[in-house]
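Q: Turn this into a structure:
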Amino acid sequence: MGRQRNNPQMKGKEEASERMLNEIEAIQLSDTEFKAMIVRKLNELTMSYQKLQGSYNELTENYINMKKEIGTLNKGQEEMKNTISELKNTVEGMKSRINEAEDRISELEDKVEENTQKEQEKVKRLRKNEEGLREMQDNMKRNNIHKIGIPEGEEEEQGIENLFEKVMMENFPNLMREKVTHIQETQRVPIKRNSKRPTSRHIIIKMAKFQDKERMLKESREKQEVTYKGAPTRLTADFSMETLQARREWQEIFQVMRTRGLQPRLLYPARLSIKIEGQIRSFPDKRSLKECISTIPALQETLKGLLYGKKGREREREREREREKHTYIQGNE
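A: As a prediction, the model looks like this:
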């Protein structure tokens, strides 16, 4: 039975039978009933039409709205395309400017490096010129002896040469006998006395021979104390101001090392020479001395106040600033 109902042919036959019955029923209706049926059918058709019309209007409105939305989307898409294009152009412009800026920076870096090299070369030349000038001044003073501590006025009656010979006779009679005291020139420095300065001016003695000067200084170092009429004085070599300043920087360290029995000496122009662990070592500056004594705890402890302490560091920084200032002034003259 189920198969028969589901058969399309059977279903078609049933529908045809129903239509035939409806037609038969319609024929059997009276005029009034038939008219009522027609009116009812017309009303049903009208309602169906109205529903279809409403659906059509709704679909039409939806279509118009969708068309507007599609137009808006297309417009937005076009605007986005334009914006993207503008952004691309902006990015390209920025890339171009960045590349130009990088090129300029590279050029500036090259110029800075070139200027730095030039400045370094300039500083080297200045230092070399200063070194040459210092050596020239030191060579001019090569035969000079610097006498410190002779009271003012002592030379007025007997002259500086005779005064110096008395000092030599008092301290180095053997040199006087060997006649190694031939003097070329003597004078007080500065030439004009400063009344506000309580100490006496120094005396410069220019010897005829460099060997005579060295002999006197050697005798002075061995004697350790040179006197005039029993009062202590000093006998030193005569150097340029730059060399003197460089040698003075070793003064405190020199005294400490002398008390330690390290046999310190100052070599020309300003190298410190000491005897460490049986070997004689020389140092051009404090940095090299620090590196050497870093492995000698006892000596490092002795010099820590001068090489590593706050005062020592401040003095070193002040001297470095003075040297840089001097170099800067020389470079701008």
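
Q: Run a quick neighbour tally on the residue nearest to residue 160 when sequence neighbours are not counted.
A: Sequence neighbours aside, residue 186 is the residue nearest to residue 160 in space, at 3.9 Å (criterion: C-beta to C-beta, 6 or more residues apart in numbering). (Each C-beta comes from the backbone N, C-alpha and C, glycine too.) Each residue near residue 186 was counted by other C-beta atoms under 10 Å, and the total is 19.

Q: Can you check my assumption that residue 186 lies in a helix?
A: No - going by DSSP: H, G, I helix; E, B strand; the rest coil, the assignment for residue 186 is strand, not a helix.

Q: What does the pLDDT read for it?
A: Residue 186 is assigned 89 on the pLDDT scale.

Q: So that it lines up with my notes, have the first residue be 711 from now on.
A: Shifting the count to begin at 711 puts that one at residue 896.

Q: So for residue 766, what's the pLDDT?
A: Model confidence at residue 766 (pLDDT) stands at 86.

Q: circling back: for the residue nearest to residue 870, name its beta-bridge partners.
A: residue 915 (DSSP bridges).

Q: how close does it get to residue 863?
A: Between residue 896 and residue 863 the distance is 15 Å, computed by C-beta to C-beta, to the nearest Å.

Q: With residue 885 instead?
A: 26 Å.

Q: So the two - more neighbours on which side?
A: residue 885 (16 against 8).

Q: element containing that one?
A: Take DSSP states H and E as the rule and residue 885 turns out to sit in helix 883-887.

Q: Residues contacting that helix from elsewhere in the structure, which ones?
A: Residues from elsewhere that reach helix 883-887 (C-beta atoms under 8 Å, 6 or more residues apart in numbering): 875, 878, 879, 891, 925, 926, 929.

Q: quick check: mean pLDDT across it?
A: 82.

Q: Report the central residue of the protein.
A: When C-alpha atoms, centre = their mean is applied to the chain, the residue found nearest the centroid is residue 826 (13.1 Å).

Q: my read is that one is in a strand, agree?
A: No - assigned with three-state DSSP, residue 826 falls outside any strand and is helix.

Q: Can you give me the pLDDT of it?
A: With respect to pLDDT, residue 826 scores 88.

Q: cool, residue 918 as well?
A: 89.

Q: Please enumerate the strands of the stretch 761-910 of the chain.
A: Using DSSP state E, counting those that start in this stretch, the strands of the stretch 761-910 of the chain run over 854-858, 893-899.

Q: okay if I get those strands as a markdown table plus distance to residue 781?
A: Formatted as a markdown table, the strands of the stretch 761-910 of the chain follow (distance: least, C-beta to C-beta, whole Å):
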| stretch | distance to residue 781 |
| --- | --- |
| strand 854-858 | 105 |
| strand 893-899 | 104 |
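
Q: Among those strands, single out whichever gets nearest to residue 908.
A: strand 854-858 (14.1 Å; C-beta to C-beta).

Q: now that closest one against strand 893-899, angle please.
A: 40 degrees (axes from the mean of the first three to the mean of the last three C-alpha atoms, to 10 degrees).

Q: and the protein, what are its domains?
A: 852-948, 950-1043 (automatic domain parsing).

Q: returning to what we had before: any idea which of the strands of the stretch 761-910 of the chain is most buried?
A: Highest mean neighbour count of the strands of the stretch 761-910 of the chain: strand 854-858, a mean of 20 (counted as mean count of other C-beta atoms under 10 Å).

Q: Okay, now the sheet partners of that one, with direction.
A: By DSSP bridges, strand 854-858 pairs with strand 912-917 (antiparallel), strand 941-947 (antiparallel).

Q: Report the distance from that strand to the chain centre.
A: Here strand 854-858 is found 46 Å from its chain centre; the criterion is C-alpha atoms, centre = their mean, to the nearest Å.

Q: and if you look at stretch 991-1009?
A: Distance, centroid of stretch 991-1009 to centroid of chain: 28 Å (C-alpha atoms, centre = their mean).
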